[in-house]
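Enquirer: Task: produce atomic coordinates for the following.
(one chain, ligands or ions: 1)
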Amino acid sequence: MVPDGSGPTGMPGMSMPSTSAAAAAPAGPNAVTIDNFAFGPNSLTVKAGTTVTWTNKDEEPHTVVANDGSFRSPTLGAGATYTFTFAKAGSFAYVCSIHPFMHATVVVTQ
Ligand SMILES: [Cu+2]
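Expert: Numbers count the residues shown, from 1 in each chain. Reported below is the predicted structural model:
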C-alpha cells in the first residue's frame, strides 16, 4: 500500500501511457444526455454488463432514479455525471425524482 514510486511491477509511476478513450468521450452508444429537462435518447438499448453514463447538460439539478429501485443517482448538478452498470437483462424505466415528468428507459439485452 506504500506508493514508493519504484514499483517493479509494470506501472511506471508518473506517466499515463494511454491518453485515449475513457476520459472525454462524446455521447456514445452507452451515454444518456440530460438536456432541456429531458433524457436523450429516451430509450437506450445496451447489452448486459454495459456501463451507462448520464451527463447533466442542464443548469438545473437532476437525478436518475430507477422505478424499481435498481439504481439511484445523487443529485446531479450542472455538468455532473452518473454511471451505472447494468448486469442483468431487462427493461429499466427511470425518472428524475426532482422533475417526475422526465422519464426514460434503458433496455438491457443479453
Ligand atoms: Cu430533473
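
Enquirer: Can you give me the end-to-end span of stretch 32-48?
Expert: By C-alpha to C-alpha, to the nearest Å, the extent of stretch 32-48 from end to end equals 16 Å.

Enquirer: What mean pLDDT does that stretch get?
Expert: Stretch 32-48 comes out with an average pLDDT of 97.

Enquirer: buried sites along stretch 62-79?
Expert: Using 16 or more other C-beta atoms under 10 Å as the test for burial, stretch 62-79 gives 62, 63, 64, 65, 71, 73, 76. From N, CA and C alone the C-beta is placed, and that goes for glycine too.

Enquirer: Can you report how many residues neighbour the nearest residue to residue 36 once chain neighbours are set aside?
Expert: Once flanking residues are discounted, residue 36 sits nearest to residue 58: 6.7 Å by C-beta to C-beta, 6 or more residues apart in numbering. Residues near residue 58, counting by other C-beta atoms under 10 Å, number 19.

Enquirer: Likewise for residue 82?
Expert: Neighbour tally, residue 82, other C-beta under 10 Å: 20.

Enquirer: So what sits opposite it in the bridge?
Expert: Note on residue 82: beta-bridge partners residue 54, judged by DSSP bridges.

Enquirer: if I read this right, it contacts residue 62, doesn't it?
Expert: No - applying C-beta atoms under 8 Å, one finds residue 82 not in contact with residue 62, separated by 9.3 Å.

Enquirer: near the ion, which residues of this structure?
Expert: Taking C-beta under 5 Å from the ion as the measure of proximity, the chain contacts the ion at 62, 96, 98, 99, 102.

Enquirer: And those residues, which of them are buried?
Expert: Restricting the residues of the chain next to the ion to buried positions leaves 62, 96, 99, 102, with burial counted as 16+ other C-beta under 10 Å.

Enquirer: Look up how far residue 87 lies from the last one.
Expert: Here the criterion is C-beta to C-beta, to the nearest Å. By it, residue 102 lies 25 Å from residue 87.

Enquirer: remind me which residues of the protein are low pLDDT?
Expert: 1-28 (pLDDT under 70).
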